[in-house]
Every structure is written in C-alpha cells, then in structure tokens.
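A.B. asks: Fold the following and give me the result.
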Amino acid sequence: MSMRLLIASLLILPVLAQAQTLTGTSTIDVSSDNRTDPSVSHTVPSGTTLLIVSVGTRQDQTLNGITWNTSESLTAIRDTDSTADSNNMKVATYGLVNPTAGSFNVDIDYAATINMDWAVISNWTGTDSSSVANATNYHNEDENNTGSASNTTVLTSAGTSGNVIYVAAAIAGADGDPGSESPTFTEIANQDTGGGAGSSSDASLFVGYVDAPSANTITWAVTDENAGHLLELVAGNAALLLRRRR
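C.D. replies: The predicted model follows:
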C-alpha cells in the first residue's frame with residue numbers, strides 16, 4: 001500500500017515599505033476675474049495610489065468640492081486660511097486613493113465666481129491605498145493675517161522614515177518660493193501672478209515635498225499675508241502573502 005505524504009509549508013513574505021514616487025503634475029494658472037468651476041485635463045497612470053489636488057485662492061472664496069473623472073469625489077484633507085480679509089489667502093488640499101487610471105478632468109466646484117485661483121495636481125505611487133485618512137497625516141499649519149507686508153510664515157515638522165512631507169502654501173504678493181528651508185524641498189509647482197509684497201491683486205501658490213524624517217523649517221521669502229500646511233504622505237505596506245506548497 002502506498003501512502004501519499006502531503007507536506008504543507010507556509011511562506012510569509014516580509015512587510016516591505018513601498019517607495020513613494022511623484023509620477024506627474026498638471027497645474028491651473030489663472031489670475032483673471034469672474035471664473036466659475038475650473039476644469040483641467042490630467043492623466044493618472046496605472047498603479048497610482050494617491051491623487052492630490054492643492055488649491056490656492058483668495059480667502060473669501062468657498063470651495064464646494066473637487067471631483068476626478070466626473071464622479072470620483074476627492075476627500076478634503078486640510079483647509080487653511082489667513083484671515084477673513086478678502087485680500088488675503090487660503091490653501092486647501094484634497095486627496096483620492098486608487099483613482100481611475102486614464103486621461104480625464106479634475107473639476108473644481110466653487111460656490112460663486114472667483115477672482116483668482118491655482119490648482120496643483122500630483123500623482124503618487126506607493127502610498128497607503130486603504131483610505132485618504134490612512135494615506136495622509138496632518139502635521140501643522142501656519143497663518144499670517146496681520147493685513148500688512150510685515151511677517152513671514154514658519155512651518156515645522158518631522159515624519160517617519162520612508163514617508164514624504166508635503167507642503168502647500170498660498171502667499172499674497174509675488175513669488176512665493178521659500179526664503180530658507182532645512183532641508184530643501186523639491187518644488188512640484190510655484191504658480192505666480194507677479195506683482196509684489198503687499199499687493200491685493202497678486203499672489204502665488206507653492207507646492208513641494210521632501211523625504212521624511214526631518215525637522216523641516218520653511219520661512220517664506222515674501223513677507224506678506226499667507227497660509228500654508230504640512231502633510232505627511234504615508235507609505236503603504238506589502239500585504240502578508242501566505243502560500244501553500246505541496
């Protein structure tokens with residue numbers, strides 16, 4: 001009588017942090033008056049785990065929501081404004097995990113016509129894909145609302161190795177590049193209407209990122225009303241894979 005011996009073994013693969021990669025950006029750069037519900041064509045490659053949209057506007061503009069591919073609603077992550085003065089700035093960041101791959105529109109819905117706005121759209125791979133809440137950690141925000149060109153904004157953060165620190169900030173006046181950073185952020189986009197500090201008709205939106213961990217400090221070159229926030233993009237983990245061998 002022959003006997004068949006079944007030997008089963010379980011192979012458990014280690015949990016691996018997936019590197020985050022910026023895979024593409026699109027921007028809206030409009031400073032004209034009386035615009036409603038801007039829309040921009042954007043391409044999301046296959047494998048994208050997180051779509052992020054940061055919008056900079058005047059403080060008195062109300063943002064109702066953002067959608068991708070007509071029906072995929074983005075989740076609001078953070079909305080930071082400098083003051084109730086309509087000449088000052090606010091910045092809002094929205095996210096969507098596992099967006100449908102392809103070339104579609106990002107639609108931005110405002111409650112009314114807007115004076116000026118910008119949107120910076122970026123694709124990320126390797127982030128946690130279970131939810132926007134798990135893919136992003138809010139660190140902090142800072143606002144200057146003195147109503148005069150006399151202040152800078154400083155944001156600080158740290159983060160966990162393998163993750164990315166993401167910054168979005170809207171600055172009244174001209175070029176919103178950081179005056180000093182430690183360490184230096186990689187610029188995704190810097191949308192600028194021109195003009196100068198103290199101008200109520202000119203502004204900029206700066207978006208960038210840097211690898212965590214680090215004690216990041218950003219001081220804006222333009223000393224004017226501004227609003228910004230720091231988020232941490234959280235890397236996903238490879239699932240434990242169980243295999244049965246015969």
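A.B. asks: and the helix or strand containing residue 106, which residues are buried?
C.D. replies: Element membership of residue 106 [criterion: DSSP states H and E] is strand 102-110. Within strand 102-110, the residues that count as buried by 16 or more other Cβ atoms under 10 Å are 104, 106-108, 110. Yep, even glycine has a C-beta here, placed from its N, CA and C like the rest.
A.B. asks: what mean pLDDT would you report for it?
C.D. replies: For strand 102-110, mean pLDDT rounds to 94.
A.B. asks: Who are the packing partners of that strand?
C.D. replies: strand 39-44, strand 50-58, strand 63-68, strand 117-125 (3 or more Cβ pairs under 8 Å, 6 or more residues apart in numbering; DSSP states H and E).
A.B. asks: Could you give the average pLDDT over the first one?
C.D. replies: pLDDT averaged over strand 39-44 equals 91, rounded to a whole number.
A.B. asks: Could you do stretch 64-74 as well?
C.D. replies: Averaged across stretch 64-74, pLDDT comes to 97.
A.B. asks: Now the terminal residues of it, how far apart.
C.D. replies: One end of stretch 64-74 to the other measures 11 Å (Cα to Cα, to the nearest Å).
A.B. asks: which parts of that stretch are buried?
C.D. replies: Residues of stretch 64-74 classed as buried: 66-69, 74 (neighbour count, 16+ other Cβ under 10 Å).
A.B. asks: Run through who's touching that stretch.
C.D. replies: 42, 44, 51, 53, 55, 76, 94-96, 99-100, 102, 104-111, 132 (Cβ atoms under 8 Å, 6 or more residues apart in numbering).
A.B. asks: 7 Å - rerun?
C.D. replies: 51, 53, 94-96, 99-100, 104, 106-111 (Cβ atoms under 7 Å, 6 or more residues apart in numbering).
A.B. asks: ok, which pair from the residues you listed is furthest apart?
C.D. replies: Using Cβ to Cβ, these reach their maximum pairwise distance at 100 and 111, which is 26.6 Å.
A.B. asks: which of those two has more neighbours?
C.D. replies: Per other Cβ atoms under 10 Å, whichever of residue 100 and residue 111 has more neighbours is residue 100, with 15 against 11.
A.B. asks: Grab the nearest non-local neighbour of that one.
C.D. replies: Using Cβ to Cβ, 6 or more residues apart in numbering and skipping residues adjacent in sequence, the residue nearest residue 100 is residue 69, 5.0 Å away.
A.B. asks: Next, find the distance separating the one you found from residue 190.
C.D. replies: 27 Å (Cβ to Cβ, to the nearest Å).
A.B. asks: Residue 40 now?
C.D. replies: Counting by Cβ to Cβ, the separation of residue 40 from residue 190 is 17 Å.
A.B. asks: same thing with residue 93?
C.D. replies: 16 Å.
A.B. asks: same deal with residue 77?
C.D. replies: 20 Å.
A.B. asks: Looking at these two now, which is surrounded by more residues?
C.D. replies: Comparing residue 77 with residue 190 by other Cβ under 10 Å, the one with more neighbours is residue 77, at 22 against 18.
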